[in-house]
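Engineer: Quick one: sequence plus predicted model below, questions after.
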Amino acid sequence: MDDLGSADQSDSRVIMLGGGNPGRIDEVENYFRQLMTDLLADGNVFEDMVAKYDSPIGNPEFRGALAQLLVKKYGWPISEKNIAITNGSQSSFFVLFNLFSGKFSGQKTKKILLPLIPEYVGYADAGLGEEIFVANLPKIERLENQMFKYRVDFDQLDVSNNIGAMCVSRPTNPTGNVLTNGEIEKLRKLCERINIPLILDCAYGTPFPNIIFNDVKPYWDENTVVCMSLSKLGLAGIRTGIVVANESIIRRISSANAILSLAPGSFGPTLMTKSLTNEKIIQLSDAYIRPFYKAKALSAVAMLHNELAGLPYHIHEPEGAIFLWLWLEGLPITSQCLYKRLKTRGVYVIPGEKFFPGIVDSTWRHQRECIRISYATDDKTVSDGIDIIAEEVHRAYKDR
Ligand SMILES: Cc1ncc(COP(=O)(O)O)c(C=O)c1O
């Protein structure tokens, strides 16, 4: 992350395919600008927003409008009491992981189970104590045309061992995988059986920003914690995370907010409440955001096929999110080494081994054969970056 930050400040040309910034979409940005103009023109709304703390659970109008939207769209049995606001979903995970892992009096140390890795790098250091994650290696399904997909390996999934909660991102960062309805149902039943929460990270998911390219069912029940965010709509800078959970968990999030920051920020909720009420947030997601990323994913996949022809590469089926996950089978150098070579040429990606928190088998070569490439930025940057990635990958195989 330090590298990515300093690259952004660099004077020489940087081809940034490493970070998680959302793409810039004119129609969406124009809409946010208009919302801001309306907010400033609306009586004392601006002064109230900047002068007052929200309550620790978050802005009531926003929570109420979101609850209504989720009831209407999905029939979830919730009210605003099931929703808390945080300063970005990164902070939601920090609180949730530390609520459900660690040492509880009279019990063994609990861990967070990641049923499918690779998984979001941002979870990795979120534990306050010792390593809090335990991870389940995936099954690899090879598909036609050098594509592949990870599946949850239910035969190996061990929930017997002091697990405090399970967590998956859907769509998954880094792979673009979207767990199937069947996989979610099985995980849900397992969690219910051993009475632990299932945490679903929907930062890229439904109903907004809805960067999901296939048809899957959103899920919530009293035992499921759905984490959402305004970031990938294009509002990463205003740091608004949303947790939908049973009332007891929501009360605990609210207490954690009070301790960590007194109250979550008011800007995101104040700016966006109207777009929940009139459902504009859904229309923008469906009409602009999802098609934008889908077209970019298809074009980046085509470029990789073209540039890497003849090599034993595989691309994870892009089913959502804003990244491609490239598996370079039998790569003679580690992905960390490939990352360094790319960095000297000004291209930033993220090496695969960063995305395996909680892995026990460090000898699993696969984790050092993958890289994550963001395709969210402009087409020319993506295409120039992929050209250089391909040159370095060809070179690495050739120097074997
Ligand atoms: C899968 C996933 N979850 C959570 C986050 C955190 O997002 P934020 O804190 O901006 O809501 C990210 C950010 O990139 C992400 O990729």
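Structural biologist: Received the coordinates, thanks.
Engineer: burial of the residue lying closest to residue 230 once chain neighbours are set aside, as a residue count?
Structural biologist: Spatial nearest neighbour of residue 230, chain neighbours left out: residue 240 (4.2 Å); criterion: CB to CB, 6 or more residues apart in numbering. Glycine gets a C-beta too; all of them are placed from N, C-alpha and C. Close neighbours of residue 240, defined as other CB atoms under 10 Å, add up to 27.
Engineer: Make sure residue 240 is actually in contact with residue 228.
Structural biologist: No - contact criterion CB atoms under 8 Å: residue 240 and residue 228 do not qualify, at 9.3 Å.
Engineer: Leaving out chain neighbours, which residue sits closest to residue 174?
Structural biologist: Using CB to CB, 6+ apart and skipping residues adjacent in sequence, the residue nearest residue 174 is residue 372, 3.9 Å away.
Engineer: ok so the one you found is a strand residue?
Structural biologist: Yes - Residue 372 forms part of a strand when assessed by DSSP: H, G, I helix; E, B strand; the rest coil.
Engineer: And residue 8, what's its pLDDT?
Structural biologist: For residue 8, the pLDDT comes out at 62.
Engineer: Same question for residue 90.
Structural biologist: pLDDT, residue 90: 97.
Engineer: which SS state does it fall under?
Structural biologist: helix.
Engineer: My read is that it contacts residue 241, right?
Structural biologist: Yes - between residue 90 and residue 241 there is a contact at 7.2 Å, judged by CB under 8 Å.
Engineer: So the two - more neighbours on which side?
Structural biologist: Under the criterion of other CB under 10 Å, the comparison of residue 90 against residue 241 puts residue 241 first, with 25 against 18.
Engineer: gap between the more buried one and residue 95?
Structural biologist: Distance, residue 241 to residue 95, by CB to CB, to the nearest Å: 10 Å.
Engineer: Identify the spatial nearest neighbour of residue 267, chain neighbours not counted.
Structural biologist: The shortest distance from residue 267 to any non-neighbouring residue, by CB to CB, 6+ apart, is to residue 238 (5.1 Å).
Engineer: List the contacts of that neighbour.
Structural biologist: 230, 265, 267-268, 271 (CB atoms under 8 Å, 6 or more residues apart in numbering).
Engineer: let's go with 7 Å and repeat that
Structural biologist: Contact partners of residue 238, counting by CB atoms under 7 Å, 6 or more residues apart in numbering, are 230, 267-268.
Engineer: Look up how far the ligand lies from it.
Structural biologist: 10 Å (CB to the nearest ligand atom, to the nearest Å).
Engineer: Same question for residue 386.
Structural biologist: Look at residue 386 and the ligand: by CB to the nearest ligand atom, they are 21 Å apart.
Engineer: secondary structure element for that residue?
Structural biologist: Taking DSSP states H and E as the criterion, residue 386 maps to helix 379-398.
Engineer: by contact count, what packs against that helix?
Structural biologist: The helices and strands touching helix 379-398, judged by 3 or more CB pairs under 7 Å, 6 or more residues apart in numbering; DSSP states H and E, are strand 15-16, helix 290-308, helix 335-344, strand 347-348.
Engineer: switch to 8 Å and redo it
Structural biologist: Counting contacts by 3 or more CB pairs under 8 Å, 6 or more residues apart in numbering; DSSP states H and E, helix 379-398 packs against strand 15-16, helix 290-308, strand 323-328, helix 335-344, strand 347-348, strand 370-374.
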